[in-house]
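Participant: just coords:
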């Protein structure tokens, strides 16, 4: 099973573990190859979501295309519809031959990483730390204004570091580490956007049977 994630930036690779987890949950088995469509090495990287999808199909062959946009200040439905419209257009033009699903967390992808305090503490290198991290409850994750700031602040507190040692922390890299350390994404089933993603992945897997 191979899937490719098309997104706006490299930070969105942190979504790959959640997608893998859902595929396994719905019967894909453990042999899953999830890749982020990286265009940074190209002389002329594609601009715009449609061109990114076309280039991803060419450079990253897969069984399932996952297309990501953060909802940010737009409604989840609007972002999802934008993706669905492009996918439909490419399918009608016979440029898209594989199934494609939308991955649209409410606000930002970091909201999905805030649900695992243990993963945050381990990523920060201080798994036995006791300082409160100020993490929102699961049912509030889709309403927090700046989940990335909350995640980075939590990693800073969890590290227990100060001064120069704190300044050396690579917060973007730690974001990936948090994603990799989350072994159970089931708590995210309380979130509307995650439910929609799971429904799409379930439908994809059922169609393979």
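Facilitator: Right, received. Where do you want to start? Just so we're clear, the structure is a prediction, and the values are computed from it rather than from any experiment.

Participant: now do the strands in this protein.
Facilitator: 2-6, 33-36, 64-68, 100-103 (DSSP state E).

Participant: of all those strands, which one is nearest residue 56?
Facilitator: strand 2-6 (4.8 Å; CB to CB). (Each C-beta comes from the backbone N, C-alpha and C, glycine too.)

Participant: what packs against that closest one?
Facilitator: If you count contacts as 3 or more CB pairs under 8 Å, 6 or more residues apart in numbering; DSSP states H and E, strand 2-6 packs onto helix 16-25, strand 33-36, helix 49-59, strand 64-68.

Participant: most tightly surrounded among these?
Facilitator: Of all the helices and strands packed on strand 2-6, strand 64-68 has the most neighbours on average by mean count of other CB atoms under 10 Å, namely a mean of 24.

Participant: other residues contacting that one?
Facilitator: 1-8, 12, 15, 19, 49, 53, 56-57, 83, 86-87, 96, 98-104, 109, 204 (CB atoms under 8 Å, 6 or more residues apart in numbering).

Participant: who wins for proximity to residue 181 among the strands of the chain?
Facilitator: Residue 181 lies closest, by CB to CB, to one member of those: strand 33-36, at 16.2 Å.

Participant: how far is the closest one from where the chain is centred?
Facilitator: Remark: strand 33-36 is offset 12 Å from the chain centroid, using CA atoms, centre = their mean, to the nearest Å.

Participant: contacting residues around it?
Facilitator: Outside of strand 33-36, the residues within contact range by CB under 8 Å, 6+ apart are 1-5, 7, 10, 12-13, 16, 19-20, 60, 62.
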